[in-house]
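Undergrad: When you get a sec, could you give me coordinates for this:
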Amino acid sequence: GAVALPAADMRLALPDDGTAPTSSSKRTAYDLVSEGFGEGFNGRLVMVVHGDDAQQVQRASASAAAAATGLPDVLAVAPGQASADGRTALLAVVPKSGPSEQATFELVRDLRAKLATTAGATGAEISVTGVTAVGVDVSDKLSDALPVYLVLVVGLGFVLLMLMFRSILVPLKATLGFLLTIGAAFGATVAIFQWGWLASLVGLDTAGPLVSFLPILLIGILFGLAMDYEVFLVSRMREDFVHGDTAKEAVVAGVGHGARVVVAAALIMMSVFAGFVLVEDPIIKSMGFALALGVAVDAFVVRLSIVPAVMSFLGDRAWWMPRWLDRLLPDVDIEGEKLRPLETATSDPAPVGSTVR
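TA: Model prediction:
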């Protein structure tokens, strides 16, 4: 649980050259520009002013420049460049902070809010764009979609596991264990790649925000692997339980038969993902680290330690389901429980003296 705490401070952004390897040419150029002109020159914003005529655009451009200059994180506003017909003008805004810093994100939002008032007063259309502004928009969109995506993935997984195992507590345990896995993976990744803790151990030169699409990628891949490991273990427990074993005997049998499969599968995936940590690119490096750690936590901590302990503690209660819900849900009968009476009937020996035809 403590490993997941840094995840509360997770920041998302599109990558910039400021986090590139120090030996790369683009990082050298970024550092030279920052040293000579300030970090904001690496992430300039662009104000686009459009109106019905040139006079309106000129007035709106002057008002927009004055509004931007009044913001605390703006270093300078370059003079506007008008189009041939004078109906569109571009103004460059140089922030004081770097393109992936939180202050720049706030500047984009504040600038748009302030320019909305200016646009209303002048009647012109005023927009804020540029690579940095696009990065802010993408990060905000993905951050807003992340809770919905997580609820959808976990919710559908819960329903499918409930259909498979005919239980409420088993899928609840599986999904809560997955949330623990995600929390640990996010927390450790934030601590190393965003805060810079132990960054030298993974060969990271400069810490910075995580790439915007990492959480969605991490949730999707780890959820699939986590549910695979869950099914490997619990399906055998369920099969033995419905065929007459006690709950504890079913847990022992399930772990005994499924643990080797889970360990082998986890080691394979960890080896694949850990190989990406050796790449210089910090984006690929962070992806590989998060996935490798997530697989390790889920397989060895959640599925092979917590799951057997919880199943043993719950006993027969692990397979409880309300009768009304059991009647409502379709019975997929994965374990072949309905075939057992038929198998018993066909295997009974014929009575002595009877004729078998």
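
Undergrad: From here on, just use CA atoms for contacts and neighbour counts.
TA: Noted.

Undergrad: Buried residues, the helix ranked longest in the chain. List them.
TA: For the chain, the helix that runs over the most residues, judged by DSSP state H, is helix 131-165. Using 16 or more other Cα atoms under 10 Å as the burial criterion, the residues of helix 131-165 that qualify are 131-133, 135-140, 142-143, 146, 150, 153-154, 157-158, 161-165.

Undergrad: In terms of pLDDT, where does residue 259 sit?
TA: pLDDT, the model's per-residue confidence, is 93 for residue 259.

Undergrad: Next: residue 336.
TA: Reading off the per-residue confidence, residue 336 sits at a pLDDT of 59.

Undergrad: do residue 200 as well
TA: The predicted local confidence for residue 200 is 89.

Undergrad: again, but for residue 166
TA: In the prediction, the pLDDT value recorded for residue 166 is 88.

Undergrad: With residue 344 instead?
TA: Value for residue 344, per-residue pLDDT: 55.

Undergrad: got a list of contacts for the strand ranked longest in the chain?
TA: Among all segments of the chain classified by DSSP state E, the strand with the greatest residue count is strand 88-95. Taking Cα atoms under 8 Å, 6 or more residues apart in numbering as the criterion, the residues outside strand 88-95 that touch it are 39-41, 43-51, 54, 57, 61, 65, 68, 73-83, 104, 107.

Undergrad: Okay, and the residue most central in space within the chain sits in which element?
TA: The residue at the geometric middle of the chain, judged as the C-alpha nearest the mean C-alpha position with Cα atoms, centre = their mean, is residue 215 (1.6 Å). Taking DSSP states H and E as the criterion, the element that holds residue 215 is helix 214-242.

Undergrad: Past that helix, which element shows up next along the chain?
TA: Heading C-terminal from helix 214-242, the first helix or strand you meet, by DSSP H and E, is helix 247-275.

Undergrad: relative orientation of that next one and helix 214-242 in degrees?
TA: An angle of 150 degrees separates the directions of helix 247-275 and helix 214-242 when computed by axes from the mean of the first three to the mean of the last three Cα atoms, to 10 degrees.

Undergrad: got any ranges where the stretch 151-300 of the chain has weak pLDDT?
TA: Flagging of the stretch 151-300 of the chain using pLDDT under 70 yields an empty set of residue ranges.

Undergrad: re earlier: could you point out the helix or strand that follows the longest strand of the chain?
TA: With DSSP H and E setting the assignment, the helix or strand that follows strand 88-95 is helix 102-122.

Undergrad: what about residue 8, neighbour count?
TA: When neighbours are defined as other Cα atoms under 10 Å, residue 8 has 11 of them.

Undergrad: Report pLDDT for it.
TA: According to the model's per-residue confidence, residue 8 sits at a pLDDT of 92.

Undergrad: Which of the contacts of strand 88-95 fall within strands?
TA: Here DSSP E is the test, and the contacts of strand 88-95 give 45-50, 74-77, 81-82 as lying in strands.

Undergrad: Residue 32: which of these is nearest?
TA: Of all these, the one with the least separation from residue 32 (Cα to Cα) is residue 75, at 17.8 Å.

Undergrad: Compute the number of surrounding residues for that closest one.
TA: By other Cα under 10 Å, neighbour count at residue 75 equals 17.

Undergrad: Double-check it against residue 98; I have them as touching.
TA: No. With contact defined as Cα atoms under 8 Å, residue 75 does not reach residue 98; the gap is 11.5 Å.

Undergrad: Mutual contacts of those two, please.
TA: Taking Cα under 8 Å, 6+ apart as the contact rule, the neighbours common to residue 75 and residue 98 are residue 40.

Undergrad: Contacts made by stretch 241-252 with the rest, please.
TA: Residues outside stretch 241-252 that contact it (Cα under 8 Å, 6+ apart): 234, 236-240, 308, 311-312, 315-316, 337.

Undergrad: Can you give me the neighbour number for residue 51?
TA: Counted with other Cα under 10 Å, the burial measure for residue 51 works out to 21 neighbours.

Undergrad: what's the angle between the longest strand of the chain and helix 102-122?
TA: For strand 88-95 and helix 102-122, the angle between their directions (the same axes, to 10 degrees) works out to 150 degrees.

Undergrad: Strand 88-95 - which strands sit beside it in the sheet, and in what orientation?
TA: Note on strand 88-95: by DSSP bridges, its sheet partners are strand 45-50 (antiparallel), strand 74-77 (antiparallel), strand 81-82 (antiparallel).

Undergrad: pLDDT averaged over it - what is it?
TA: Mean pLDDT, computed over strand 88-95, is 95.
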